[in-house]
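J.: Structure here, sequence nowhere to be found:
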Ligand code: F0G
C-alpha cells in the first residue's frame, strides 16, 4: 500500500545507525540492525530547575530506549559490527542493563548471548529481560569487577565477541546521545551531568561532543560532570575499591574499565567526577519522578544529585544550561520504589468508609 511505503521510508530515516552514519564506523556491509533505539526525549525540566536554582535543565530520558537503558545505542552498533565480522556469539559482564541489551540485540540478530552477572545485586526487571530474551545466564558469587575479569578471559580463549564498553564499537554507538542532545537544543549544553560506573558513557559523550565540535555542528563543548556513588567511587579516590557498595546497583563498580578515558573527559572539558551519597541519589530519584513526572532508575539520578550538591556548594554556574542524562527506566527496579513508602492500608469499598485521611500520600521531602 502507498501509505505503508511512506511510513516505512520514514522509519528507515529514523534508524539510529543510518541517521548518524557519517559519525559511526558504518560500512556498506554493516547490517542495518535496529530495535528502534535512540531518538529519546529531551525533557525540559523547569520545575526541577527552579527547585535546584538553575536557569535551564533538560533530562535526556534514556530509559525510553527499547530495553529501557542507554546501553541500546552502543549495543546496536557493537552487535552489527560483530555480525559484520562473522561472529555468532557475544559475551558481557553486567550490573544488569548491558546484559538486557546484549540479550535483546543478540535475539533480534539471531546469535547467542552469554551474560555474567553478580548474584543478588541486579534489579529484578533486568534479570527478567536477560531470561526472556533467551540469553545464556551465568550468575557469579562475586561482583561486577570479578564478572568482567571472567568475560575478558572467556572472550580471549573462545571465539566470542566481548560487548562490554571496552569494545570501541559500543563507545561509538553511545556517542549518538551527544549528537541528539546538540540537535535538539541547537547547541551544546554548558554542563552534562551523568552517573559514572564502568565509565564508558562519560567517555562516549565526550568523544561525541568533541567530534560534533570538530565537524562544526556545535561551537562549544560542555563540562563533563560525572558522579559516582560514595561507596563505589574509585575514580574519585584514585584507587580501585575491592568491595563497592551502593543502593544504585547499576553503578556498583570498583574498578572501571574506561577509567583513564573518564579522566581525559573530565580534564579536557574542565569538568569533574565526584561522589554522591545513596541518600542524595534517592532524594534526586524521588524528586525527578515527583516534580517532573520522569521515573528513572536510582543510578540514573546520580547526575541530578550531583548537580544539586554542586549548586548547594556554590560550585556550579546558576545562569547556565544543564542536561542530566537519565540512563535507565524506573520500572527496571520497582521494588526499591515501593519500599520508599509505607504499605497502603485497604479500607472497605464504600464511600462512607473513605475519607481524605485514608488516601496514601507520598512522604515528600521538601524542595
Ligand atoms: N546508569 C545505568 C542505569 C547503568 O546501567 C550504568 C552502567 C551506568 C549508569 C554507568 O554507565 O558504566 O558507562 O559509566 N551499567 C553497566 C551494566 C555497568 O552492566 O549495565 P557507565
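T.: Yep, it's here. On a predicted model such as this, the values are computed, not experimentally measured, just so you know.
J.: give me every residue that touches residue 43.
T.: Listed by Cβ atoms under 8 Å, 6 or more residues apart in numbering, the contact set of residue 43 reads 58, 59, 61, 292, 294. Every C-beta, even on glycine, is put in place using the N, C-alpha and C of the backbone.
J.: how about stretch 296-303, does it reach the ligand?
T.: Yes: if you take Cβ under 6 Å from any ligand atom as the test, stretch 296-303 does meet the ligand, through 297, 299, 300.
J.: Quick one: neighbours of residue 137, just the number.
T.: A count of nearby residues for residue 137, using other Cβ atoms under 10 Å, gives 15.
J.: Now do the SS call for it.
T.: Under the three-state scheme (DSSP: H, G, I helix; E, B strand; the rest coil), residue 137 adopts strand.
J.: Tell me the confidence at it?
T.: With respect to pLDDT, residue 137 scores 97.
J.: same deal with residue 354?
T.: pLDDT, residue 354: 80.
J.: For the closest residue to it other than its chain neighbours, give its distance to the ligand.
T.: Leaving aside its sequence neighbours, residue 354 sits nearest to residue 347 (Cβ to Cβ, 6 or more residues apart in numbering; 6.0 Å). Distance from residue 347 to the ligand, counting by Cβ to the nearest ligand atom, to the nearest Å: 37 Å.
J.: start the count at 42, not 1, going forward
T.: All right, first residue 42 from here; so that's residue 388.
J.: Sketch out the strands for the stretch 242-391 of the chain, chain order is fine.
T.: For the stretch 242-391 of the chain, applying DSSP state E, counting those that start in this stretch gives strands covering 264-270, 313-317, 362-367.
J.: Of those strands, give the one that comes closest to residue 93.
T.: Ranking the strands of the stretch 242-391 of the chain by proximity to residue 93 (Cβ to Cβ) places strand 362-367 first, at 8.8 Å.
J.: other SSEs contacting the closest one?
T.: Here strand 362-367 touches strand 97-102, helix 217-226, strand 232-236, helix 343-353, going by 3 or more Cβ pairs under 8 Å, 6 or more residues apart in numbering; DSSP states H and E.
J.: How about the residues of the stretch 192-341 of the chain by the ligand?
T.: 206, 236-242, 291-292, 338, 340-341.
J.: Select the helix or strand of the protein having the lowest average pLDDT value.
T.: Lowest on mean pLDDT, DSSP states H and E among the helices and strands of the chain sits helix 43-55, with a mean of 50.
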